[in-house]
Structure formats: structure tokens, C-alpha cells
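1. Just a sequence and a predicted model for now, questions to come.
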Amino acid sequence: MDKQNYEKKAYEAMKAKILNGHLRVGDRVPENMIAKELGISRTPVRRALVMLETEGFLTIESNRGAFVSESKVTVSHFIEMLEMLEILTTKTMEKIENKGIFFEKQGTDAYLHTMERCLERKDVNGFLEASWESIFNFMKYMGNTYAQSAVRRIGIDFLTKAPKEIALIPYHNGAYLIEQHVNIINALENREFEKAATLVRESVNYFIIKTFR
């Protein structure tokens, strides 16, 4: 196995531990234990730690090590996230319409199928990850790396820093979320952009209301 594969193995293992709660907010990441557990040296583990810090999962402190980033997602922050996603999503739709870009629904359909399977298996983390990946994948149509980075950061913040009562809101309303995704995709495929934008606004308002219940 080459160096890159070792790094990927370490990265995926540590990310999984964070997402499934084995490593919680504020926990120190046991570098030596991870290396021993995976049967690799500490060097690829350290490189993977840097990758995870870049993505916002960890904070690396000099002479102290790496720690799972502190939770910063409050109710108001979550609502700001939703509002930002609404703006970026509708802007992407505008670009698809104005530039005459062909919308390919197959890629988004794959994420929806994953969300449905995760909902059936009660796989919360899998459902939430697939939901954010579907949004990130759609944002590629904008062709704006800043917008893509913003969505990636929002997703990582939500997955790693949101308290349980906020993190579970999309999952507990999973059937609605999937249905709205399907309706939006169909509207985009039929180039009904105004309808698609309206559905996005409806979805955001729905989750804002759910946040206060």
C-alpha cells in the first residue's frame, strides 16, 4: 500500500470515529493508538490529522496534539446555515437557467437512494452525510469554487459541531426532505426554475419552523 493510501486509510478511520461519536467534541485524538490500530506508522496519521484540521474536524495545538473541534452550532447558527444554503442553491439554479446548462439528475438520484436506504436502516450519520453531499454535488453547477467551499464548510460544521437536538432535525424529517429533493430535481429536469426555487424556499422555511418546535 502506498503512502497516499495509508493517509486515506487514517483519514477515513479518524473521520468515522468523529462522525459516529467515538471521538467527541474536545477529545484528544490518540495518534499512537490510531497508528497501532491501523497497523501503520505515525507519519500518515499525522498527515491525515492535518487534512482533518483543514476541513474543520480538528484543532491541532502545538505541543498538545489534535482535538475534536468544539461545538459552535447554535439554533441561530443553524438557521443562518439554512438561509445561506437557500441563497447559494437558488443562485445555482439561476446560473443553470441563464447559461442554458444541462441538468443531469442521475448524480443527484444516487444520493437520494442512499438517503432512502439510510433512513430505512436508521443510519443517522449516513443519511446526514448523503444529504450534504447531494447539496455539495448540486453546487458544482455554479462553477464557483468559493461557493463550493462555503457549502463544504457548512456541511462539515453541521456534521461535527451541531448538538444532537439540532443534528437530528433533518433525519427526523427525512421523508419530507427526500420528497422535496425529488420534487426539486423533477422541476429542474423540466426546467421549471421558478417552481424549483419556490420548493427550496418552502423547504428552508419548513426546517426553520421545525427548529423552534
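-> Done, it's in.

2. Can you report phi and psi for the residue in the chain sticking out farthest from the centre?
-> Distance from the C-alpha centroid of the chain peaks at residue 63, with 30.6 Å (Cα atoms, centre = their mean). Phi and psi for residue 63, reported as degrees, to the nearest 10, are phi 70, psi 0.

3. Just the residues contacting the helix or strand harbouring residue 170, thanks.
-> Residue 170 is located in helix 164-172, with elements delineated by DSSP states H and E. Applying Cβ atoms under 8 Å, 6 or more residues apart in numbering, the external contacts of helix 164-172 come out as 73, 75, 78, 119, 124, 127-128, 131, 158-159, 177, 207, 210-211. Where C-beta positions appear, they are placed from N, C-alpha and C, glycine not excepted.

4. One more pass at 6 Å, please.
-> Contact with helix 164-172 is made by 78, 124, 127, 131, 177, 210, as judged by Cβ atoms under 6 Å, 6 or more residues apart in numbering.

5. Dump the residues you listed to a markdown table, plus neighbour count and distance to residue 13.
-> Listed next are those as a markdown table, based on neighbours: other Cβ atoms under 10 Å; distance: Cβ to Cβ, whole Å:
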| residue | neighbour count | distance to residue 13 |
| --- | --- | --- |
| 78 | 21 | 28 |
| 124 | 19 | 19 |
| 127 | 22 | 21 |
| 131 | 24 | 23 |
| 177 | 22 | 29 |
| 210 | 13 | 33 |
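
6. Return the member of the residues you listed nearest to residue 45.
-> residue 124 (26.9 Å; Cβ to Cβ).

7. what sits against the closest one?
-> Contacts of residue 124 by Cβ under 6 Å, 6+ apart are residue 171.

8. before we move on, what about the one 10 residues further on?
-> When the contact criterion is Cβ under 6 Å, 6+ apart, the partners of residue 134 are 108, 111.

9. at 7 Å what do you get?
-> 108, 111, 112, 181 (Cβ atoms under 7 Å, 6 or more residues apart in numbering).

10. So what's the model's average confidence on the helix or strand containing it?
-> In the assignment (DSSP H and E), residue 134 maps to helix 124-139. On average, the pLDDT along helix 124-139 is 93.

11. and it with helix 164-172, angle?
-> 70 degrees (axes from the mean of the first three to the mean of the last three Cα atoms, to 10 degrees).

12. contacts for the helix or strand following helix 124-139?
-> Counting by DSSP H and E, the next helix or strand C-terminal to helix 124-139 is helix 145-161. Helix 145-161 is contacted from outside by 18-19, 55-57, 69, 71-73, 81, 84-85, 88, 128-129, 132, 135-136, 139-140, using Cβ under 7 Å, 6+ apart.

13. and helix 145-161, which residues are buried?
-> The neighbour-count check on helix 145-161 (16 or more other Cβ atoms under 10 Å) flags 147-148, 150-152, 154-161 as buried.

14. of these, closest to residue 104?
-> Here the nearest of these to residue 104, counting by Cβ to Cβ, is residue 148; it sits at 16.8 Å.

15. pLDDT value on that closest one, please?
-> pLDDT, residue 148: 88.

16. Thanks again, I'm all set now.
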